[in-house]
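J.: structure for this input, please:
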Amino acid sequence: MTLLITNIKELLQVREHNVTIVKGDDMKVLPVLKNAYVLIEHDTIVEYGSMDDFDDIEADEIIDATGKIVLPTWCDSHTHIVYAGDRTQEFVDRINGLSYEDIANRGGGILNSAEKLQNTSEDDLYEQAANRLTQVIKSGTGAIEIKSGYGLTVEAELKMLRVIKRLKKEFPIKVKPTLLAAHAIPKDYKDNKKGFIDLVVNEMIPAVANEHLAEYIDVFCEKGYFDLEDTERVLKAAKEHHLIPKIHVNQFNAFGGVALGVKYKALSVDHLEELNPEDISVLKDTTTIPVALPSCSYFLSIPYTPGRTIIDAGLPLALASDYNPGSTPSGNMNFVVSTACIKMKLTPEEAINAATINGAYAMGVSNSYGSICRGKKANLILTKDIPNYYYIPYAFGDDLIDKVIINGEIF
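T.: Okay, the predicted model is just below:
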């Protein structure tokens, strides 16, 4: 099967040589080829170039993209899309003045989602998650990380990860599974946090590793949840089972979680709404990428990750949705890109780089995803007729997508 896209108004994120991450000033550069074409064979980009140099190429299917823009699909490196039900009541509670912490302290938040999930069958959980995954693909996401963390028991965490494994098998997009073992302290361990960490370390992580259900480990390193000592215990155990850290840090407080993530060679440190100069310094010259989640800041009315500071310090930055029922009930990466421009003051070039090539890096797949490069997977967004790529973050409320191509096929 060959697919040829011709007369592309602007072909974005074109890389002659495979680039797997962009940092600092390089994030300001988004390579664009105007009046372009792309040739796809099976699931792979095999050629691209200017229509001025175009020779007749035979293909099984040809798409005329006159007036339209083509770019790599979004790479969403931080989601929690496997959950049961919703938390709409908490949304109303926050409008009426309760804080995220207030809701959690009275049994809401993550514990609310855990109770629902524990009482939901694996098949029902799969159907709910499959519907969400279908929608995010239609909105342009072509690679995604999915966390557990709403189980809080060995049995329920395994159930979540088996659902993720099933999504990975049944859907064409790249899915990377993460064990979010320490997401909250369950009711049964309310006065015995050490006992829950023992469960995570001695039972949960070995069980997940034994079934090969996760590639990454995550911890909610935050005051009122898991401190540095707790987090280090989990990361040490995960290292023994070859799970790579991707951790929640600095959402509400900055107290050393970034440095701990770097110590354990975390692939990414995510959230970072609170950031201090020490965190910036410790991230320099490492392989750990900062990940911002602007939709979460929007929904909770908390500070935005200082992305401008991170990039200006010469660091890379990725953007992700944080799709979850409590703080970001949306996986729309178009909105994420727009919000990063509007609220974090990223340029369109920086935001698109952060949501494509750097998003791919933040889930370990940037060798194959995140840019238009010969030999990479043919996961593409074809927009409607729009003036230029600035229009993508500018028209934040519009559906600008005409087609989404996953592995060379229209989804």
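J.: quick one: low-confidence parts of this structure?
T.: By pLDDT under 70, the chain has no low-scoring segment.
J.: where do the strands of the stretch 101-250 of the chain begin and end?
T.: Taking DSSP state E, counting those that start in this stretch as the criterion, the stretch 101-250 of the chain carries its strands at 141-147, 174-182, 216-221, 244-249.
J.: do you know which of the ones you listed lies nearest D55?
T.: Closest approach to D55 among the strands of the stretch 101-250 of the chain is made by strand 141-147 (28.7 Å; Cβ to Cβ). Heads up, the C-betas are built off the backbone N, CA and C, glycines and all.
J.: residues contacting I372?
T.: By Cβ atoms under 8 Å, 6 or more residues apart in numbering, the contact set of I372 is 11-15, 38, 45, 48, 70-72, 380.
J.: ok, now D279?
T.: 250, 254, 258-259, 272 are the contacts of D279 under Cβ under 8 Å, 6+ apart.
J.: top of those residues by number of neighbours, please.
T.: Using other Cβ atoms under 10 Å as the neighbour test, these are led by L272, with 28 neighbours.
J.: how about the strand or helix carrying Y298: buried residues?
T.: Assigned by DSSP states H and E, Y298 falls within helix 294-300. Of all the residues in helix 294-300, those buried under the rule 16 or more other Cβ atoms under 10 Å are 294-300.
J.: just give me the closest of the residues you listed to G331.
T.: Taking Cβ to Cβ as the measure, S295 is the one of the buried residues of helix 294-300 closest to G331, at 8.8 Å.
J.: the closest residue to the closest one other than its chain neighbours bridge partners, please.
T.: Nearest residue to S295, sequence neighbours excluded (Cβ to Cβ, 6 or more residues apart in numbering): T328, at 4.6 Å. Listed by DSSP bridges, the beta-bridge partners for T328 are N324.
J.: still on that earlier bit, got the contacts of D279 as CSV, with secondary structure and distance to L213 columns?
T.: As requested, the contacts of D279 are arranged in CSV below (DSSP: H, G, I helix; E, B strand; the rest coil; distance: Cβ to Cβ, whole Å):
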residue, secondary structure, distance to L213
N250, coil, 28
A254, coil, 32
V258, helix, 27
A259, helix, 29
L272, coil, 27
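J.: quick check: the farthest pair among those residues?
T.: Across the contacts of D279 (Cβ to Cβ), the longest gap, 12.7 Å, separates A259 and L272.
J.: circling back to that earlier point, of the contacts of I372, which belong to helices?
T.: Taking DSSP state H, every one of those sits outside helices.
J.: turn these into a markdown table, columns for distance to E203.
T.: Putting the contacts of I372 into a markdown table (distance: Cβ to Cβ, whole Å) gives the following:
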| residue | distance to E203 |
| --- | --- |
| L11 | 50 |
| L12 | 46 |
| Q13 | 43 |
| V14 | 48 |
| R15 | 44 |
| V38 | 49 |
| I45 | 44 |
| Y48 | 50 |
| V70 | 48 |
| L71 | 44 |
| P72 | 40 |
| L380 | 43 |
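J.: tell me the most packed of these, by neighbour count.
T.: Greatest neighbour count in those, by other Cβ under 10 Å, goes to P72: 30 neighbours.
J.: one step back: for burial, what's the neighbour tally of the residue nearest to S295?
T.: 24.
J.: ok, now the one 3 residues further on?
T.: Each residue near G331 was counted by other Cβ under 10 Å, and the total is 27.
J.: mind checking how far it is from D322?
T.: Distance from G331 to D322, counting by Cβ to Cβ, to the nearest Å: 9 Å.
J.: thought A209 was touching L243?
T.: Yes. When contacts are counted by Cβ atoms under 8 Å, A209 is listed as touching L243 (6.8 Å).
J.: ok, those two, which is more surrounded?
T.: L243 (22 against 18).
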